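>>> Here you go, sequence then predicted model.
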Amino acid sequence: MVACTGAEGSLRVGPGVFLGAARKGIASFGAMLETFPISDVGDHAHGALHLEEKHLDEGWEDGLREGEKLGHLDGREVGFAKGFEVGQELGFYAGCHAVWVKCVKEDPECFSERARKGIASFGAMLETFPISDPLNEEILETLNGVRGKFKTIVALLGMHHEYNPQETKLSLTF
């Protein structure tokens, strides 16, 4: 509520709220508006009206910066864990390959010709695996090839139970 009446020529701007406009030389509301043009009021009000939008934008920017920091940290942790898993798996395959090569050296006829060729190509795959190049985009495809070759050799050797302990697990319940 804005009215030009009030005690001693004051400007009443709300219930029980008076501004002493007359004391400062402003006799009426119209004269006050001439002193403060509408465009100036709009410019001052613009900041107040868009305060929420400004804070949302600042919050968005702050959140984006923090998200990038946390993303890098989380990415480093996940990359480290996945890299460890890949290294552990390749170490297992390399150990199996070493045992099979030793068996073939001691007794060349212990495995079939096809199995010996598979063991040789498996060793070549392990040697050429790009373990020192973590940015190689084909690393997962290569790892899947190594896994497939390992499964083929295990099948050729007839050792499914020795190399797949999940299949031999007893399902006992109490």
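Cool, the structure landed. Bear in mind the structure is a predicted one, so any value in this text is a computation, not a measurement. Residues are numbered from 1 along each chain as shown.

>>> So which elements touch the helix with the most length in the chain?
The single longest helix within the chain, with elements called by DSSP state H, is helix 51-106. Contacts defined by 3 or more C-beta pairs under 8 Å, 6 or more residues apart in numbering; DSSP states H and E place helix 51-106 against helix 113-127, helix 139-157. For the C-beta atoms, the positions are set from N, CA and C on the backbone; glycine is no exception.

>>> hmm, 6 Å instead?
Helix 51-106 sits against helix 113-127, with contacts defined as 3 or more C-beta pairs under 6 Å, 6 or more residues apart in numbering; DSSP states H and E.

>>> Buried residues, the helix it packs on. List them.
Buried residues in helix 113-127, counting neighbours by 16 or more other C-beta atoms under 10 Å, are found at 115, 116, 118, 119, 122, 123, 125, 126.

>>> ok, so of the residues you listed, who is nearest residue 70?
residue 126 (36.2 Å; C-beta to C-beta).

>>> pLDDT score for the closest one?
Looking at residue 126, its pLDDT stands at 94.

>>> can you check the one 5 residues further on too?
Listed pLDDT for residue 131 reads 85.

>>> Looks to me like it is in a helix.
No - counting by DSSP: H, G, I helix; E, B strand; the rest coil, residue 131 is located in no helix; its state is coil.

>>> Ignoring the adjacent residues along the chain, who's closest to it?
Excluding its sequence neighbours, the residue lying closest to residue 131 (C-beta to C-beta, 6 or more residues apart in numbering) is residue 90, at 6.5 Å.

>>> Return the distance of the one you found relative to residue 125.
Note on residue 90: its distance to residue 125, by C-beta to C-beta, to the nearest Å, is 10 Å.

>>> Same question for residue 112.
Using C-beta to C-beta, residue 112 is found at 19 Å from residue 125.

>>> can you check residue 51 too?
Separation of residue 51 from residue 125 (C-beta to C-beta) stands at 63 Å.

>>> And for residue 65?
Distance, residue 65 to residue 125, by C-beta to C-beta: 43 Å.

>>> Repeat that for residue 60.
Taking C-beta to C-beta, one finds residue 60 at 48 Å from residue 125.

>>> what's the burial count for residue 50?
Counted with other C-beta atoms under 10 Å, the neighbours of residue 50 add up to 12.
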